[in-house]
Every structure is written in C-alpha cells, then in structure tokens.
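Participant: Kindly return the folded structure for what I paste below:
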Amino acid sequence: MAFKKRLVASILVKDGIAVQSFGYKDYLPIGNPVILAENLDRWGVDEIVILSIDNTKKGIDPDLRLLSEISKRVNTPIAYGGGIKNLENVLDVIHSGADRIIIDQLYFQNPSAIKMISESIGSQAVILSLPCSVSDGKISHYNYISKKSEDMDFHSLPFMKEFVASEFLLIDHLHEGKPNSFSEGMLKFFPNDISLICFGGISNSQQVERLFQNQNVVGVCIGNFLNYKEHYFQNIKLELSSSLLRNPVFESFQL
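Facilitator: Coordinates of the predicted model:
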C-alpha cells in the first residue's frame with residue numbers, strides 16, 4: 001500500500017507574530033500564531049510547520065514558550081524550525097512538543113552536527129529545509145542570512161547520500177507568496193530516492209495534484225493562502241482526485 005500524501009500548513013513567525021511572507025523579503029502581520037494553529041488543527045490539516053524565521057538570523061534560541069503553548073492546544077503533528085544550533089536545542093524543541101525538527105543553516109555550517117542529531121533522535125524526526133530557485137537550467141540554494149544564492153548539485157551532497165533526514169522541505173523562495181507559481185521544474189534536480197515537501201507559491205488543487213504525481217513528493221505545504229478562506233484545506237482535499245489523501249475533516253458546532 002502506498003503511503004498517504006500530506007497537505008501541510010505552515011505558520012511563519014516573526015518577532016512572535018504570525019506573518020504572511022512574500023519572497024522572504026516583505027511581511028504582512030496576521031496575528032497570534034497560537035490561535036492560527038488552533039484553527040488549522042480544527043480544519044484537519046495533516047501537519048503543522050512552525051518556522052520562527054528570524055531566530056537563526058538573530059542568534060536566538062528556539063521559541064520554546066510558543067511551541068509549548070501550541071502543542072498543548074493542538075493534536076496535529078508539529079514540525080518546528082528556527083534557531084536550532086545544536087543537539088541541546090533539538091532536545092528542548094522535542095520536549096516542548098514538536099514531533100519533528102526542521103534544520104536549515106546548520107547542515108552547511110556544521111555537517112557533523114546533523115549526523116549527531118540524526119543518530120540521537122532518529123532520521124525520521126529530522127527535516128532539512130532547502131530554499132532554492134532555478135535559473136538558466138541550474139538550481140541554486142539560497143542562504144537567507146547572507147542573502148546569496150549558490151549553484152548546488154543535490155545528487156552529490158553528503159547529507160543526501162547519508163540519509164540523515166527523512167524529508168526535505170523544498171522552498172521556492174523567489175515565488176513564495178505568489179499564487180500558483182511554485183517552480184515544478186526544481187523537482188528534477190533531486191535524487192529519486194529522497195522525500196520532498198514542496199512549499200512556496202502553491203495555491204490551488206491543480207498544482208497540488210501535479211506535484212503529487214511526482215514520486216519524490218510526499219507532501220505539499222501551504223502558507224499564505226490558508227488565511228484567505230476558512231475551509232481552504234478541506235476544499236482542496238475535496239477537489240483532488242488522488243486516493244492517497246486523508247479524507248477531509250469538517251468540524252461541526254452545536255450552539
């Protein structure tokens with residue numbers, strides 16, 4: 001039996017506030033991330049990704065208070081990223097309620113630390129974040145701290161071969177926040193034996209359907225567009241023809 005593919009919701013947190021992001025350059029405040037997480041949990045998303053996007057840049061540790069508060073209020077699995085610099089941070093994040101961790105800068109700054117983390121908590125609990133873009137037939141990795149892109153061969157990188165992570169969060173950073181604009185051509189630059197969660201500019205069921213046809217894609221992550229309609233995720237699930245998805249969930253209320 002094939003594994004079910006997932007519709008994932010992301011909450012971007014900046015200075016403690018949930019924000020909409022546009023190309024990771026401009027931000028529009030939404031409100032309380034705890035309330036947003038509660039809504040997503042009620043709407044039946046398959047996983048909630050919480051990204052504290054300014055923690056690493058500022059050298060701040062993970063926001064354990066926020067994570068703990070959210071984990072107390074939701075039953076949906078949580079993946080957390082932001083400010084993770086070492087194994088101690090990882091354990092704190094797990095103990096505060098995250099089911100999995102998301103790592104970005106650390107695997108380029110200290111690759112040996114990634115292996116130690118993977119061996120300590122299991123590779124199934126590790127997601128590596130890859131902000132990327134495609135130009136002139138090449139794929140580049142974007143470093144959001146230096147704000148520079150570097151051409152990358154993802155078939156040869158050590159962490160691809162050693163399976164230190166269970167999944168990779170592939171972020172189209174250029175099109176993040178733009179409707180129906182995820183660069184599907186990025187998928188061909190990755191080995192066939194890794195699992196990808198696609199994120200950035202994904203806004204309708206037609207593109208989700210196309211992405212799910214790729215054997216590498218195990219999940220699609222949606223951020224900004226979940227704030228536009230209350231039953232956004234359920235409607236996408238209803239529109240998809242794929243039988244691999246979990247059934248839509250609608251919560252009924254009695255007055």
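Participant: Hmm, residue 68 and residue 34 touching each other?
Facilitator: No: counting by C-beta atoms under 8 Å, residue 34 does not reach residue 68; the two are 10.3 Å apart. (Each C-beta comes from the backbone N, C-alpha and C, glycine too.)
Participant: neighbouring contacts of the least confident helix or strand in the chain by mean pLDDT?
Facilitator: The helix or strand of the chain with the poorest confidence is helix 158-161; it has a mean of 76 (mean pLDDT, DSSP states H and E). The contact list for helix 158-161, computed with C-beta atoms under 8 Å, 6 or more residues apart in numbering, reads 107, 111, 114, 128, 154, 165, 190, 191, 194.
Participant: just the buried members of those residues?
Facilitator: 107, 114, 128, 154, 165, 190, 194 (16 or more other C-beta atoms under 10 Å).
Participant: Mind listing what's buried along the least confident helix or strand of the chain?
Facilitator: 159, 160.
Participant: Relative to the whole chain's centre, how far out is that helix?
Facilitator: The chain centre lies 20 Å from the centre of helix 158-161; the measure is C-alpha atoms, centre = their mean, to the nearest Å.
Participant: Which helix or strand lies directly C-terminal to that helix?
Facilitator: Once the chain leaves helix 158-161, the next helix or strand it forms, by DSSP states H and E, is strand 167-172.
Participant: Look up the pLDDT of residue 228 for me, please.
Facilitator: We have a pLDDT of 60 for residue 228.
Participant: Equivalent analysis for residue 253, please.
Facilitator: Note on residue 253: pLDDT of 37.
Participant: now swap in residue 24 and tell me
Facilitator: For residue 24, the model assigns a pLDDT of 73.
Participant: Now for the residue lying closest to it once chain neighbours are set aside: which residues touch it?
Facilitator: Of all residues not flanking residue 24 in the chain, residue 173 sits nearest, at 5.4 Å (C-beta to C-beta, 6 or more residues apart in numbering). Residues counted as contacts of residue 173 (C-beta under 8 Å, 6+ apart) are 23, 24, 131, 132, 133, 142, 144, 200.
Participant: what about 10 Å?
Facilitator: By C-beta atoms under 10 Å, 6 or more residues apart in numbering, the contact set of residue 173 is 21, 23-25, 130-133, 140-142, 144, 149, 199-201.
Participant: which phi and psi does it have?
Facilitator: When read as degrees, to the nearest 10, the backbone of residue 173 gives phi -70, psi -30.
Participant: Now do it against residue 132, distance only.
Facilitator: Separation of residue 173 from residue 132 (C-beta to C-beta, to the nearest Å): 7 Å.
Participant: With respect to residue 78, which of the contacts of residue 173 is nearest?
Facilitator: residue 199 (15.8 Å; C-beta to C-beta).
Participant: which residues does the spatially closest residue to that closest one that is not a sequence neighbour bridge with?
Facilitator: Take residue 199 and drop its neighbours on the chain: the residue closest to it by C-beta to C-beta, 6+ apart is residue 221, 3.8 Å away. Beta-bridge pairing for residue 221 (DSSP bridges): residue 8, residue 199.
Participant: Cross-check the contact I'm expecting between residue 221 and residue 40.
Facilitator: No: here residue 221 lies out of contact with residue 40, judged by C-beta atoms under 10 Å, at a distance of 11.8 Å.
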